[in-house]
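Trainee: Sequence and predicted structure are below.
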Amino acid sequence: MESNVVGYEDKSTEKVLTKKDLNKMAMRSLLLQASFNYERMQAGGWLYSLLPGLQKIHKNKNDLSKSMKQHLEFFNTHPFLVTFIMGIMMAMEQNKEDQDTIRGIKIAMMGPLGGIGDALFWLTLLPITAGIGASMAMQGSFAGPLVFLIGFNIVHFGLRFLLMNYGYNTGVSAITTLKENTKYVSRAASILGLAVVGGLIASYVNLNIKFVGNVGGKELPIQTDILDKIMPGLLPLTYTLFMYYMLKRGWSPVKLIGITVVIGILGRFTGIL
Amino acid sequence: MLLEALLIALWAGIAGVDLFNGLTHIHRPLVTGLVVGLILGDLQTGLIAGATLEMVWMGMVPLAGAQPPNVVIGGVIGVAFAILTQQDPNISVGIAVPFAVAVQGAITLLFTVFSPLMHKADVFAENADVKGIERINYMGMTFLFFFYAIIAFLPIYFGADSAKTIVESLPEWVIGGLSVAGGMMPAIGFAMLLKIMLKKEYIAFFLIGFVLVIYLKLPILAVAILGAAIAMYDFYMQKDKGTGNGGGNSRVEEEFADGI
């Protein structure tokens, strides 16, 4: 593919986005997971959400294509806080930053937002609002579900639109500094992005050996007594690097997903995993 | 029963879409209790069963994106069963959970089957075909709608009891194996990121991030802040060096292998 040139052809950095555009994209972000799949996760819905902005920014068709391809790469973040990244992306796209920088910032942000979103929505807002609603419904009051829905969505939609605009404004004001130092910013963004990816692998890839060996009548749990003593997270890291290696050798992600399903089922069938 | 089953299927489809898109949380058992209660003409039992199931699913949220037993099907089947059989709402939990776990496995398969769709999307992106990308997303949602509607319709129309027997007769290793595979799946996504981002000079930072979490148990936000600290330090060091060479703005011409 011809993506060796990372910059956009059209360098004009006119401010074309209005508040209305931003809100339209925030609305579209509700469909972030419309085409969710294991290969790119939210990428399809992410690109869908950004399209109104990208179309307005990239009048040049080659640029639009380039930008669309970049935003169709693997993407996954918290579905509630995504608009913050969208706002920043829009500021960067509008300023025609090069694609390595845009990608670096995008990836560096998606992980931390995931953690914040989990804590904020799943572990705080949902238990509080659903708890109040359920306790009312338990008494037979039909107001319970309504109280839950209203309470939850005031915070949900409030944050969704607020973060879109906040992200955009943050991006616009930080961008002049970014522009002057593209090369270094790109490098710094990659450093940050890869540190986060390293941490994400450690937290979110789950692979444990369930098998318990037997040495002279003594139980020997392979996972806790051997693998974890060598290094915790050894298997998740190894499996990720194995996937990386296979991708480099030209294996398609779909094939790797299929293999993973087979390993999972065979592993459980034999009692190893 | 046909009309009721169809209405419940319609609700399950809408709630199933809301679980991933919209996220207004009308898909929670609490709301399903109200709606299915109205459809089946027993609001009281519906509300109580919905609230009971809501408590069960309170902790079952997609933390870090890991899919919990499916809350939509669990809620719909559980509430419908409680009303139709007039059993204690707590028993409906026992009916709802096996269904929800089976559907969770089916969702894993669904997200696997959706993957090839992205290659179609790649072509649309290449041609800057905005409408094409939009169509793929609308199609994905339509698919989700029918997936949930059909899964909810069958057991309610043909009887929640017989369907439960079928689900329970599935060997444990099929459902368990799918959940093991689900835990491993993120590795593929991260490997794809590595393929795009990893260059020799950055391996060190990747390792630092990994060690911070695996040994020091730091949350991702802490890793991001430390990563940002290193990145800022590097930024100013490089910039000082760069102005000395007078090559401040030239782009690095590195081999950029984008093989997707």
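Mentor: Looks like it arrived, so ask away.
Trainee: pretty sure residue A:213 belongs to a strand, no?
Mentor: Yes. Secondary structure assignment places residue A:213 in a strand (DSSP: H, G, I helix; E, B strand; the rest coil).
Trainee: Just give me the neighbour total for it.
Mentor: For residue A:213, the count of nearby residues is 12 (other C-beta atoms under 10 Å in any protein chain shown). Every C-beta, even on glycine, is put in place using the N, C-alpha and C of the backbone.
Trainee: which stretch of helix or strand covers residue A:79?
Mentor: Using DSSP states H and E, no element contains residue A:79; it sits outside every helix and strand.
Trainee: Please name the nearest non-neighbouring residue to it.
Mentor: Nearest non-adjacent residue to residue A:79, counting by C-beta to C-beta, 6 or more residues apart in numbering or on different chains: residue A:32, 5.1 Å away.
Trainee: is any part of the helix or strand hosting residue A:156 close to chain B?
Mentor: Assigning secondary structure by DSSP H and E places residue A:156 in helix A:143-180. Yes. Using C-beta under 8 Å from any C-beta of the partner chain, helix A:143-180 reaches chain B at A:144, A:145, A:148, A:149, A:152, A:153, A:156, A:180.
Trainee: Contacts only, for the residue nearest to residue A:79.
Mentor: The contact partners of residue A:32, by C-beta atoms under 8 Å, 6 or more residues apart in numbering or on different chains, come to A:42, A:45, A:46, A:49, A:79, A:82, B:21.
Trainee: Got phi/psi on it?
Mentor: The phi/psi pair for residue A:32 (degrees, to the nearest 10) reads phi -50, psi -30.
Trainee: And it, what's its pLDDT?
Mentor: pLDDT for residue A:32: 96.
Trainee: repeat for residue B:252
Mentor: Looking at residue B:252, its pLDDT is 39.
Trainee: what does residue A:180 give?
Mentor: Residue A:180 is given a pLDDT of 67.
Trainee: Equivalent analysis for the one 10 residues further on, please.
Mentor: According to the model's per-residue confidence, residue A:190 sits at a pLDDT of 83.
Trainee: does it really touch residue A:100, like I thought?
Mentor: Yes. With contact defined as C-beta atoms under 8 Å, residue A:190 reaches residue A:100; the gap is 7.3 Å.
Trainee: could you pull out the helices for chain B?
Mentor: B:2-20, B:29-40, B:43-57, B:71-85, B:89-114, B:117-126, B:130-158, B:160-169, B:172-184, B:186-197, B:203-214, B:220-245 (DSSP state H).
Trainee: still on that earlier bit, quick check, nearest of the residues of helix A:143-180 next to chain B to residue A:96?
Mentor: If you rank these by distance to residue A:96 using C-beta to C-beta, residue A:180 comes first, at 13.8 Å.
Trainee: sorry, back to before: angle of the helix holding residue A:156 against helix B:29-40?
Mentor: Angle of helix A:143-180 versus helix B:29-40, following axes from the mean of the first three to the mean of the last three C-alpha atoms, to 10 degrees, is 130 degrees.
Trainee: Quick one: work out the angle between helix A:143-180 and helix B:220-245.
Mentor: Between helix A:143-180 and helix B:220-245, the angle comes out at 10 degrees (the same axes, to 10 degrees).
Trainee: Show me the domain layout of chain B.
Mentor: Chain B breaks down by automatic domain parsing into domains covering B:2-186, B:198-245.
Trainee: Let me see the contact set for residue A:253.
Mentor: By C-beta under 8 Å, 6+ apart, the contact set of residue A:253 is A:38, A:39, A:247, B:115, B:188, B:192.
Trainee: quick one: contacts for the most centrally placed residue in chain A?
Mentor: Centroid-nearest residue in chain A: residue A:76, 2.1 Å away (criterion: C-alpha atoms, centre = their mean). By C-beta under 8 Å, 6+ apart, residue A:76 lies in contact with A:41, A:42, A:110, A:114, B:65, B:189.
Trainee: who's in contact with the last one?
Mentor: Each residue near residue B:189 by C-beta under 8 Å, 6+ apart is listed here: A:38, A:39, A:40, A:41, A:74, A:76.
Trainee: switch to 10 Å and redo it
Mentor: A:38-41, A:43, A:74-76, A:197, A:200-201, A:204-205, A:240, A:243, A:253, A:257, B:65 (C-beta atoms under 10 Å, 6 or more residues apart in numbering or on different chains).
Trainee: Residue B:10 is in contact with residue B:145, correct?
Mentor: Yes. The pair residue B:145 / residue B:10 is scored as a contact, 9.1 Å apart, by C-beta atoms under 10 Å.
Trainee: coming back round to it: what about burial for the contacts of residue A:253, which qualify?
Mentor: Neighbour counting over the contacts of residue A:253 (16 or more other C-beta atoms under 10 Å in any protein chain shown) leaves A:38, A:39, A:247, B:115, B:188, B:192 as the buried ones.
Trainee: Quick check: the most far-flung residue of chain A relative to its centre vs chain B, distance?
Mentor: Computed with C-alpha atoms, centre = their mean, the residue of chain A farthest from its C-alpha average is residue A:216, at 47.7 Å. Distance of residue A:216 to chain B, computed by C-beta to the nearest C-beta, to the nearest Å: 30 Å.
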